[in-house]
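A.B. asks: Please work out how this folds:
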Amino acid sequence: MRSGFVLTTLLAAAVMAQPLAAQERSATKAGFALPADGGKTILVLRPSVRVGAQSTGGLFEPNGDWTDEARKNIETALADQQGTLGNRVIAAPDAVGADAALVEEYAALFAAVSKSVIDYQFFVGNRLPTKKRDNSANVFDWSLGSGIAALPGAKDADYALFIYNQDAYGSTGRKLLQVVALLGPGIAIKSGEHAGYAGLVDLKTGDLLWLNADSAMGGDVRTPEGAKKRVAQLLEDFPGSAKPKAAAGQ
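C.D. replies: Residues are numbered from 1 along each chain as shown. Predicted coordinates:
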């Protein structure tokens with residue numbers, strides 16, 4: 001019992017000891033506005049969900065059962081939240097064959113672009129020269145390309161809502177490594193990674209109009225309650241939302 005208490009205490013201390021990077025979570029393309037009840041149609045694509053464990057060495061190890069459960073929970077929570085998006089919402093049609101491959105391609109592209117926004121714009125120290133805050137309209141200027149108009153259901157909507165979610169829960173070995181690192185010469189080891197991106201994309205131009213991205217999200221998506229919390233975080237500050245919006249950074 002004593003050793004278990006000590007391990008729990010050290011793990012808590014390790015988490016507290018890790019530096020918290022200042023991160024801007026939400027941004028909107030200059031000049032874009034989406035009033036509530038503006039008569040626009042939003043195509044909601046099936047969320048891209050990956051859940052697994054983080055190995056001792058930090059590698060992602062997918063877990064099919066966790067992923068299936070998380071996807072079901074996130075889709076249910078998203079369906080419950082759609083009424084708050086402020087405009088007409090339609091679900092993307094089921095896709096097969098080449099259409100399914102195209103959907104997967106753009107889901108992966110959205111995740112890659114979102115990660116680039118986090119790496120090269122949301123973190124102050126890493127900003128690219130063309131992405132620094134100033135009076136330019138090009139500060140938040142990212143795109144998935146005009147080919148997005150070929151997505152199934154795109155002809156019936158104005159915008160597409162993408163959601164990407166990846167959770168890697170720290171394995172026992174990873175947690176023990178975190179403790180060892182805490183006792184070492186100031187090396188910080190993070191146990192677990194929880195990233196989520198939600199973005200609104202123009203279905204004619206492919207321009208990323210709004211993004212809410214966080215590489216340290218809360219809520220255990222393997223449970224309905226955790227998935228509900230995660231979806232609420234992802235849709236925070238959604239343009240035209242019927243819910244009160246928090247201040248958004250750029």
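A.B. asks: CA atoms for contacts and neighbours, from now on please.
C.D. replies: Noted.
A.B. asks: any chance you could map the helices in the protein?
C.D. replies: Applying DSSP state H to the chain gives helices spanning 2-17, 64-81, 97-117, 172-183, 224-234.
A.B. asks: So in that sheet, which strands flank the strand ranked longest in the chain, and in what orientation?
C.D. replies: Ordering each strand of the chain by length in residues (DSSP state E) puts strand 159-170 first. Under the criterion DSSP bridges, strand 159-170 sits next to strand 41-44 (parallel), strand 48-54 (parallel), strand 193-202 (antiparallel) in its sheet.
A.B. asks: Figure out how far that strand is from the centre of its chain.
C.D. replies: 4 Å (Cα atoms, centre = their mean, to the nearest Å).
A.B. asks: Could you pull up the mean pLDDT of that strand?
C.D. replies: When pLDDT is averaged along strand 159-170, the result is 91.
A.B. asks: Which positions within that strand qualify as buried?
C.D. replies: Of all the residues in strand 159-170, those buried under the rule 16 or more other Cα atoms under 10 Å are Tyr159, Ala160, Leu161, Phe162, Ile163, Tyr164, Asn165, Gln166, Asp167, Ala168, Tyr169, Gly170.
A.B. asks: how about JSON lines for the residues you listed, with distance to Asp80 added?
C.D. replies: Formatted as JSON lines, these follow (distance: Cα to Cα, whole Å):
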{"residue": "Tyr159", "distance to Asp80": "19"}
{"residue": "Ala160", "distance to Asp80": "18"}
{"residue": "Leu161", "distance to Asp80": "15"}
{"residue": "Phe162", "distance to Asp80": "16"}
{"residue": "Ile163", "distance to Asp80": "15"}
{"residue": "Tyr164", "distance to Asp80": "18"}
{"residue": "Asn165", "distance to Asp80": "18"}
{"residue": "Gln166", "distance to Asp80": "21"}
{"residue": "Asp167", "distance to Asp80": "22"}
{"residue": "Ala168", "distance to Asp80": "25"}
{"residue": "Tyr169", "distance to Asp80": "26"}
{"residue": "Gly170", "distance to Asp80": "29"}
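A.B. asks: with those in mind, which one is nearest to Gly52?
C.D. replies: Ala168 (4.9 Å; Cα to Cα).
A.B. asks: Quick check: bridge partners of that closest one?
C.D. replies: Residues in beta-bridge contact with Ala168 (DSSP bridges): Gly52, Glu193.
A.B. asks: Now do the contacts for it.
C.D. replies: Val51, Gly52, Ala53, Gln54, Phe60, Glu61, Gly192, Glu193, His194 (Cα atoms under 8 Å, 6 or more residues apart in numbering).
A.B. asks: From the residues you listed, list just the buried residues.
C.D. replies: Buried among the contacts of Ala168 by 16+ other Cα under 10 Å: Val51, Gly52, Ala53, Gln54, Phe60, Gly192, Glu193, His194.
A.B. asks: do you know how far Ala98 is from Pro152?
C.D. replies: Separation of Ala98 from Pro152 (Cα to Cα, to the nearest Å) stands at 10 Å.
A.B. asks: So between those two, which is more surrounded?
C.D. replies: Comparing Ala98 with Pro152 by other Cα atoms under 10 Å, the one with more neighbours is Pro152, at 19 against 9.
A.B. asks: What residues does that one make contact with?
C.D. replies: Listed by Cα under 8 Å, 6+ apart, the contact partners of Pro152 are Ala92, Pro93, Ala95, Asp99, Val103.
A.B. asks: swap in Leu208?
C.D. replies: Contacts of Leu208 (Cα under 8 Å, 6+ apart): Lys29, Asp141, Trp142, Ser143, Leu144, Gly199, Leu200, Val201, Asp202.
A.B. asks: mind checking pLDDT for it?
C.D. replies: 97.
A.B. asks: Need the nearest residue in space to it, chain neighbours excluded.
C.D. replies: Val201 (4.6 Å; Cα to Cα, 6 or more residues apart in numbering).
A.B. asks: The one you found contacts Pro239, correct?
C.D. replies: No: look at Val201 against Pro239 with Cα atoms under 8 Å: they stay out of range, at 11.9 Å.
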